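In: the amino acid sequence is not available; the structure is as follows:
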């Protein structure tokens, strides 16, 4: 499933698509466009809602204290977390969330939409706080973390294929497919340009 489908399927959970609401609920330093941070520093800015996914318009930026000019209308700022990024699927068992899978991201801080690699983690476990019990009428959820800090929730499992290694291939990198195949990877077509809003479309993955 995709976010646009779950937005229609679970109308009573639509606040979970609001990334500003989630960051506020988690107690992170954050605010909407038009409200400046109380101290200068590095922040992530992105749309308050992004149903298309793929980190569209997410950026790491330095914002001065009380600056109101950096964040565009419809976006918000949140404190930047250094650390490892994980994508974790959970499924419902009775009244509990049980971890199903976990992937470690190799991200590109210069382009937050353009991930370098995802690697399955078999020895990393996460737990969810009681606030996630509100979602127990959903079969599966995907939660993204920086270290142990959740920062985004999807009301479905990961849409990516299930392998131990996934390396996205972006438009312009087609020549890399043969190189990876010689290293034992297989290529899977998986085109996504977020309805034309992604500057560099993903054309697929090489996987192991």
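Out: Happy to help now that I have it. A quick note: this is a predicted structure, and the numbers were derived from the prediction, not measured.
In: packing partners of the strand ranked longest in the chain?
Out: Longest strand of the chain, by residue count under DSSP state E: strand 96-106. When contacts are defined as 3 or more Cβ pairs under 8 Å, 6 or more residues apart in numbering; DSSP states H and E, strand 96-106 sits against strand 85-93, strand 117-120. C-beta here means a position set from N, CA and C on the backbone, and glycine is covered the same way.
In: turn the ones you listed into JSON lines, including mean neighbour count and mean pLDDT.
Out: Shown next, in JSON lines, are the helices and strands packed on strand 96-106 (neighbours: other Cβ atoms under 10 Å; pLDDT from 0 to 100):
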{"stretch": "strand 85-93", "mean neighbour count": "18", "mean pLDDT": "97"}
{"stretch": "strand 117-120", "mean neighbour count": "18", "mean pLDDT": "97"}
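In: out of the ones you listed, which is closest to residue 126?
Out: Taking Cβ to Cβ, strand 85-93 is the member of the helices and strands packed on strand 96-106 nearest to residue 126, at 5.2 Å.
In: chain center to that closest one: distance?
Out: In terms of Cα atoms, centre = their mean, to the nearest Å, the centre of strand 85-93 is set 12 Å apart from its chain centre.
In: who's in contact with that strand?
Out: Residues from elsewhere that reach strand 85-93 (Cβ atoms under 8 Å, 6 or more residues apart in numbering): 97-105, 107, 118, 121, 124, 126, 128, 136, 138-146, 157-158.
In: list the neighbouring strands of it plus their orientation.
Out: Sheet pairing of strand 85-93 (DSSP bridges) gives strand 96-106 (antiparallel), strand 140-146 (antiparallel).
In: how much space separates the residue of the chain positioned farthest from its centre from residue 164?
Out: When distances to the mean C-alpha position of the chain are computed (Cα atoms, centre = their mean), the maximum falls on residue 182, with 30.3 Å. Residue 182 sits 18 Å away from residue 164, going by Cβ to Cβ, to the nearest Å.
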